[in-house]
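Pasting the sequence and the predicted coordinates here, then a few questions.
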Amino acid sequence: MKTINEKIRWGVLGAANIAQKSVIPAAQKSRQLEITAIASRSEEKAQEAAEFLGIKNYYGSYEALLQDPDIDALYIPLPNHLHAQWAIAAMEAGKHVLCEKPIALSLEEIDAIIRTRDKTGMKIGEAFMVKSHPQWEAAVKLKNEGVLGTLTGGQGSFTYYNDNPQNVRNMYNKGGGGLWDIGVYPVFTSRLFFGEEPESVCAIVESDPQFGIDRLASAILKFPSGQFSFICGTQTNSYQHIRFFGTKGTLEIPMPFNPSPTEKATILLSGTKADKQLQTISFDAVDQYTLELEAFSEAIRTGREVPVPLENSRHNTAVILALFRAAEQGKWETV
Ligand SMILES: NC(=O)c1ccc[n+]([C@@H]2O[C@H](COP(=O)([O-])OP(=O)(O)OC[C@H]3O[C@@H](n4cnc5c(N)ncnc54)[C@H](OP(=O)(O)O)[C@@H]3O)[C@@H](O)[C@H]2O)c1
């Protein structure tokens with residue numbers, strides 16, 4: 001086990017956009033961890049990324065990074081269809097794993113990952129960075145304190161426009177589509193907020209005729225104590241929001257999934273004060289990717305639970321799969 005003064009050494013599997021633009025720069029803001037290597041299928045690309053980002057070591061294959069004895073943990077930002085395979089290979093090689101969402105595309109995949117975790121004893125979790133942002137911790141606390149009265153429901157949305165055929169999100173056989181890419185967030189955060197699992201779901205899904213991926217989906221999740229609906233789209237103007245309703249008040253998070261790392265985040269409460277004035281709760285600007293990596297590194301160092309364990313991920317995966325089934329069959333589906 002590492003002492004508090006020893007940095008957790010991370011490797012990055014694939015010179016992915018999210019890694020280069022957000023997660024590696026976020027890691028480099030922390031004193032608790034360091035990115036010591038990056039791998040790409042192309043040595044040239046790995047070298048270029050390492051030099052640009054100031055990373056010590058680079059490899060021209062993923063297998064080579066897995067064999068690096070100076071790495072404690074791997075961050076996996078590969079296309080969705082490769083998550084399970086490389087998460088398993090990394091744990092087998094003795095590395096802890098933080099894997100991008102969605103960590104798996106089927107329950108069989110997630111069960112295989114769980115078996116490998118239990119066999120190897122490595123730490124593994126899904127990279128739902130939203131969980132590390134203080135705005136979500138505060139929102140759940142407010143709900144648990146009864147600020148909204150009795151929770152009755154919620155609504156969310158997450159959309160962007162991307163019709164680039166070269167983007168992995170538009171490739172059906174690489175786990176593309178809106179529900180796997182961004183629908184996972186309203187599902188994850190509504191489960192977090194309700195503190196329950198949805199019993200049944202229904203959905204309508206529109207597929208892109210050329211790509212075959214879901215480009216627009218509307219869903220309803222029936223939780224034991226309320227109803228939550230959301231829309232997610234990949235060919236719709238960029239937008240996000242989430243709101244929860246109770247018998248006494250409403251809680252809104254204007255930037256629930258990608259709050260800026262350089263601006264204050266806010267929660268808006270209405271109906272909760274005696275004079276019914278809108279109440280704004282502000283949070284200092286934080287980089288949720290830095291907090292996510294620090295929380296995961298802390299779990300490695302202390303042996304404590306990771307921020308989003310596989311048992312949680314299994315529920316999220318089951319909800320997305322049920323939404324696809326519900327849309328296909330045009331009826332409510334049990335999760
Ligand atoms: N948490 C978040 O905020 C967030 C945001 C965006 C994306 N993500 C997740 O991060 C992952 C990557 O997304 P991204 O937008 O960064 O994707 P991306 O830029 O396309 O990167 C994916 C990387 O995977 C590697 N790769 C290996 N096999 C591949 C194949 N057959 N086809 C394409 N690429 C392949 C490539 O790296 P090499 O060529 O270097 O080997 C590529 O750069 C996805 O799972 C996505 O859901 C999370």
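Here it is on my side, so go on.

Let me know the helix or strand that residue 286 is in.
Assigned by DSSP states H and E, residue 286 belongs to no helix or strand.

wait, what's in contact with the residue nearest to residue 99 when sequence neighbours are not counted?
Nearest residue to residue 99, sequence neighbours excluded (CB to CB, 6 or more residues apart in numbering): residue 76, at 4.4 Å. C-betas here are computed from N, CA, C, even on glycine. Residues in contact with residue 76 (CB atoms under 8 Å, 6 or more residues apart in numbering) are 13, 14, 83, 86, 87, 90, 97, 98, 99, 100.

now those residues as CSV including distance to residue 208, pLDDT and secondary structure?
Shown next, in CSV, are these (distance: CB to CB, whole Å; pLDDT from 0 to 100; DSSP: H, G, I helix; E, B strand; the rest coil):
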residue, distance to residue 208, pLDDT, secondary structure
13, 28, 98, strand
14, 25, 98, coil
83, 22, 98, helix
86, 27, 98, helix
87, 28, 98, helix
90, 32, 98, helix
97, 31, 98, strand
98, 30, 98, strand
99, 26, 98, strand
100, 22, 98, coil
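
For burial, what's the neighbour tally of residue 93?
17 (other CB atoms under 10 Å).

Skipping its backbone neighbours, what lies nearest it in space?
In this structure, residue 93 finds its nearest non-sequential neighbour in residue 66, 4.1 Å apart by CB to CB, 6+ apart.

Residue 188 versus the residue positioned nearest the centre of the chain, what's the distance?
Residue closest to the mean C-alpha point of the chain, counted by CA atoms, centre = their mean, is residue 128 at 2.6 Å. Separation of residue 128 from residue 188 (CB to CB, to the nearest Å) stands at 5 Å.

any shared contact partners between these two?
Taking CB under 8 Å, 6+ apart as the contact rule, residue 128 and residue 188 both touch residue 101.

correct me, but residue 198 touches residue 223?
Yes. Judged on CB atoms under 8 Å, residue 198 makes contact with residue 223 at a distance of 5.1 Å.

Looking at these two, which one has more neighbours?
Taking other CB under 10 Å, residue 198 and residue 223 do not tie; residue 198 has more neighbours (25 against 20).

That one sits in which helix or strand?
With DSSP H and E as criterion, residue 198 is part of no helix or strand.

ok, and the closest non-adjacent residue to it?
Nearest residue to residue 198, sequence neighbours excluded (CB to CB, 6+ apart): residue 221, at 3.9 Å.

Could you look up the SS state of the one you found?
strand (DSSP: H, G, I helix; E, B strand; the rest coil).

Also the one 10 residues further on?
Using three-state DSSP, the three-state assignment for residue 231 comes out as strand.

show me the contacts for it.
Neighbouring residues of residue 231 by CB under 8 Å, 6+ apart: 156, 157, 158, 159, 216, 217, 218, 219.
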